[in-house]
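> next input, structure requested:
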Amino acid sequence: MTLTINNKDYDLHFGLDFIAYLDKKHYIVEEGYQLGNGLPYVITQIEIGNPLIFLDLITAATRTGAKPKEEDIKTYLETEADIEVLANDFLSAFKKAPTTRFTLKKLGLLEEPKTTKVKR
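Next up is the predicted model:
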């Protein structure tokens, strides 16, 4: 997935650095342990339509490459982005990325392909 922010293209990556960033920022504390909850949290925020979550998502997804300035991301979100399209694009990208597919599957957001068992 690529976004053009302030006339510059940024490749978004949904790998381990992406997950680590989100887990450090969005976590729950259970019996004194900090448990990463980044991806489930951001998916919920996307689904309820919170536009602020895209600041976190773009920042997290550009951890491994060129990084846009926070002000440029804010300007992009406020003036250029179609938030509904952006939400769908992120969810589609999560369904394709190996590091996020399993979480979507566990949350019931990714359907298993239907297969027929063939007896041999």
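> ok, which stretches of the chain are helices?
Along the chain, counting by DSSP state H, helices occupy 16-25, 38-48, 53-61, 70-79, 83-96, 98-106.
> give me the low-pLDDT residue ranges for the protein?
Residues of the chain meeting the criterion pLDDT under 70: 112-120.
> turn the helices of the chain into CSV, including distance to N6 and mean neighbour count.
C-beta here means a position set from N, CA and C on the backbone, and glycine is covered the same way. Formatted as CSV, those follow (distance: least, CB to CB, whole Å; neighbours: other CB atoms under 10 Å):
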stretch, distance to N6, mean neighbour count
helix 16-25, 21, 17
helix 38-48, 23, 17
helix 53-61, 12, 21
helix 70-79, 4, 14
helix 83-96, 16, 15
helix 98-106, 26, 15
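> out of those, flag the one nearest K8.
K8 lies closest to helix 70-79 among the helices of the chain, at 8.3 Å (CB to CB).
> so who does A66 touch?
K8, Y10, D11 (CB atoms under 8 Å, 6 or more residues apart in numbering).
> returning to that earlier point: to E31, which of the helices of the chain lies closest?
Using CB to CB, the helices of the chain put helix 16-25 closest to E31, at 17.6 Å.
> next, the angle helix 98-106 makes with the closest one.
Helix 16-25 and helix 98-106 are oriented at 60 degrees to each other (axes from the mean of the first three to the mean of the last three CA atoms, to 10 degrees).
> just the CA atoms of helix 16-25, as PDB, please.
The C-alpha coordinates for helix 16-25 follow below in PDB (Å, rounded to 0.1, in the frame of the first residue of the first chain):
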ATOM      1  CA  LEU A  16       6.700  -6.800  12.800                       C
ATOM      2  CA  ASP A  17       7.900  -3.200  13.200                       C
ATOM      3  CA  PHE A  18       4.300  -2.100  12.500                       C
ATOM      4  CA  ILE A  19       2.900  -4.600  15.100                       C
ATOM      5  CA  ALA A  20       5.600  -3.600  17.700                       C
ATOM      6  CA  TYR A  21       4.800   0.100  17.400                       C
ATOM      7  CA  LEU A  22       1.100  -0.400  17.800                       C
ATOM      8  CA  ASP A  23       1.600  -2.800  20.700                       C
ATOM      9  CA  LYS A  24       3.800  -0.300  22.600                       C
ATOM     10  CA  LYS A  25       1.200   2.400  22.100                       C
END
